[in-house]
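1. Sequence and computational prediction follow.
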Amino acid sequence: MRVPDLIRRLASAGRLLRVDDSPQVQVVQVELLAGEVRNLQRLQDYGITSVPLPGAEGVAVSLNGQRGRTVMLKVDDRRYRPVDLEPGDTCLYTHEGTVVHLQKGQRVLVEGATQVTVKSAGIVLDGPVQCTQTLNVAGLITGQAGLTITGAAQINGATLSEAGNLTTAAGTSVDGHLHNESGGGTTSAPI
């Protein structure tokens, strides 16, 4: 085979038809030039893996120009790729619109997710934490330097008002509610 023919056969554009993610190296069925359908290994970057959808586009490379030694190197999907990122930004995305966007200014945006789950033996948040919606905690909240609550709070059915009045779940207000130290019941607060 002539050298120009080998060079011409080194790389091909391809359209994904199917993906098999069960092997250690992913196998993709690709339609290459002139309707040539091939099953190829898809080589991915270390630490990042994905399962592209049928219709995604990619580049197949034939090692030494030999069509029998063709692998899929890069796959992209123009239908779902986020656009108009800032120079230097990096983005992970899915076809459903879930995005992890590493943004300029050292910011990270997670967008479009219905739930974010972090599984770890321990999680450290080293910096101020702001919650703009409801915070549900199934375990204990402890603080080394105390706990500051701005606004009203509900604790085991009791309500602590913004003014500092505690009302029990049974409706008893402890504002001005005093106990007789000698065991004789309650007394009224002085007026």
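-> Received it, and whenever you're ready, just let me know what you need.
2. so where's this structure uncertain?
-> 1-3, 5-6, 176-191 (pLDDT under 70).
3. Can you list the residue ranges for helices in it?
-> For the chain, the helices defined by DSSP state H cover 3-8.
4. mind listing what the longest strand anywhere in the chain pairs with, with the direction of each?
-> For the chain, the strand with the greatest residue count under DSSP state E is strand 11-20. Strand 11-20 has these partner strands in its sheet, going by DSSP bridges: strand 27-31 (antiparallel), strand 57-62 (antiparallel).
5. quick one: buried residues of it?
-> Of the residues in strand 11-20, those with enough neighbours to count as buried (16 or more other C-beta atoms under 10 Å) are Ser12, Gly14, Leu16, Val19. Just so you know, the C-beta spots here come from the backbone N, C-alpha and C atoms, and that holds for glycine as well.
6. can I get those residues in TSV with distance to Val30?
-> Shown next, in TSV, are these (distance: C-beta to C-beta, whole Å):
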residue	distance to Val30
Ser12	9
Gly14	4
Leu16	6
Val19	10
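7. Just the C-alpha atoms of stretch 104-111, please, in CSV.
-> Provided in CSV are the C-alpha atoms of stretch 104-111 (Å, rounded to 0.1, in the frame of the first residue of the first chain):
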residue,chain,number,x,y,z
LYS,A,104,-13.7,31.1,36.4
GLY,A,105,-13.2,32.7,39.8
GLN,A,106,-12.7,29.4,41.5
ARG,A,107,-16.5,28.7,41.6
VAL,A,108,-18.2,25.3,41.2
LEU,A,109,-21.8,25.1,40.0
VAL,A,110,-23.9,21.9,40.1
GLU,A,111,-27.0,22.5,38.2
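8. neighbouring contacts of that stretch?
-> Surrounding stretch 104-111, the residues in contact under the criterion C-beta atoms under 8 Å, 6 or more residues apart in numbering are Glu86, Pro87, Gly88, Asp89, Gly97, Thr98, Val99, Val100, His101, Leu102, Gln103, Val116.
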